[in-house]
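In: Pasted the sequence and its predicted model underneath.
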Amino acid sequence: PNRLSNGEWSWPCMFIYPSHNQSDFVEQFSESEILAYRMADMFPELENGDNETSMPWDYNNEFICSNLAVYFEVHCTEKDNVIHPEFVQKLKDQGSTMRFYESSRALKGDEGAEMATVARCTEKKLLHRQRKAWIKKHGSLWSKPDACPVVRVHPAATLSQILTDTRMVVPNFLVTFMLFPEDHPAHKEFLKERQCLGLLQPIE
């Protein structure tokens, strides 16, 4: 995240559209910005006789702001200390957060080539230990944990309200939302596979 000139924080955001295997990356999303405003800019309503959206992959013209359901994943790891290598491991205290930050800087080369090599080796060892622990407990890496539960987000919520929700975890400092057209079959399948913990309402 970056600090803006007015003192607010701005976050990188990923918008994922599982129904169409597409995504968008937003480099800066201010914490005070309302989600609906950003969605209206990305997926405007069809007006003035328009009957097609601007996305070439949106064959049925479903991606308009008022027709989209928005979710974020709840990365819960407390029930099982053994984490699948493909899943998110929570940073549970300030010390682990600082170690992650320093490792990220090293991997980017900010601390020099030698430190980047050390960081890569350390991360490979951690991944190897995760794999061994998972196989020992579950028998195979093919044995995946249940899909993470999700929270639906009211579009009138600001990014700050979303980030301060206790269920929200931001892996790798990248805020990620999943969007579905309301009546799309993929949306129905998604809700069959995922437990929805409720609707995050905007705060007046």
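Out: All right, it came through fine.
In: got the contact list for stretch 9-20?
Out: The contact list for stretch 9-20 (Cβ atoms under 8 Å, 6 or more residues apart in numbering) reads 1-4, 23-31, 42, 57-58, 63, 159, 163, 170, 173-181, 184-187, 190. (Each C-beta comes from the backbone N, C-alpha and C, glycine too.)
In: same thing but at 7 Å, please
Out: With contact meaning Cβ atoms under 7 Å, 6 or more residues apart in numbering, stretch 9-20 is reached by 1-4, 23-31, 57-58, 159, 174-181, 184, 186-187, 190.
In: Now do the SS call for the residue nearest the centre of the chain.
Out: The centre of the chain sits closest to T176, judged by Cα atoms, centre = their mean, with a distance of 2.3 Å. Three-state call for T176 (DSSP: H, G, I helix; E, B strand; the rest coil): strand.
In: which residues of this protein fall in helices?
Out: 35-42, 94-107, 113-138, 159-163, 185-193 (DSSP state H).
In: quick one, which of the ones you listed is packed in tightest?
Out: Looking across those with neighbours counted as mean count of other Cβ atoms under 10 Å, the highest average goes to helix 159-163: a mean of 19.
In: Packing partners of it?
Out: Contacting helix 159-163 under the criterion 3 or more Cβ pairs under 7 Å, 6 or more residues apart in numbering; DSSP states H and E is no other helix or strand.
In: Using PDB, write out the CA atom coordinates for it.
Out: The C-alpha trace of helix 159-163 is given here as PDB (Å, rounded to 0.1, in the frame of the first residue of the first chain):
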ATOM      1  CA  LEU A 159     -12.400   0.000   1.000                       C
ATOM      2  CA  SER A 160     -11.600   1.100   4.600                       C
ATOM      3  CA  GLN A 161     -14.700  -0.500   5.900                       C
ATOM      4  CA  ILE A 162     -13.900  -3.700   4.100                       C
ATOM      5  CA  LEU A 163     -10.300  -3.800   5.300                       C
END
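In: if we can go back for a sec, where among the helices of the chain is average confidence lowest?
Out: Among the helices of the chain, helix 94-107 carries the lowest mean pLDDT, at a mean of 67.
In: nearest spatial neighbour of E123, skipping sequence neighbours?
Out: Residue nearest to E123 in three dimensions, not counting chain neighbours: S103, with 6.8 Å by Cβ to Cβ, 6 or more residues apart in numbering.
In: cool, and A69?
Out: Excluding its sequence neighbours, the residue lying closest to A69 (Cβ to Cβ, 6+ apart) is F180, at 5.0 Å.
In: Isn't the one you found up against E189?
Out: No: between F180 and E189 no contact is recorded; they are 9.7 Å apart, counting by Cβ atoms under 7 Å.
In: Could you pull up the residues touching C65?
Out: C65 makes contact with A36, M39, A40, F43, P44, E45, according to Cβ under 7 Å, 6+ apart.
In: of the residues you listed, closest to Q195?
Out: Comparing the contacts of C65 against Q195 with Cβ to Cβ places M39 closest, at 24.3 Å.
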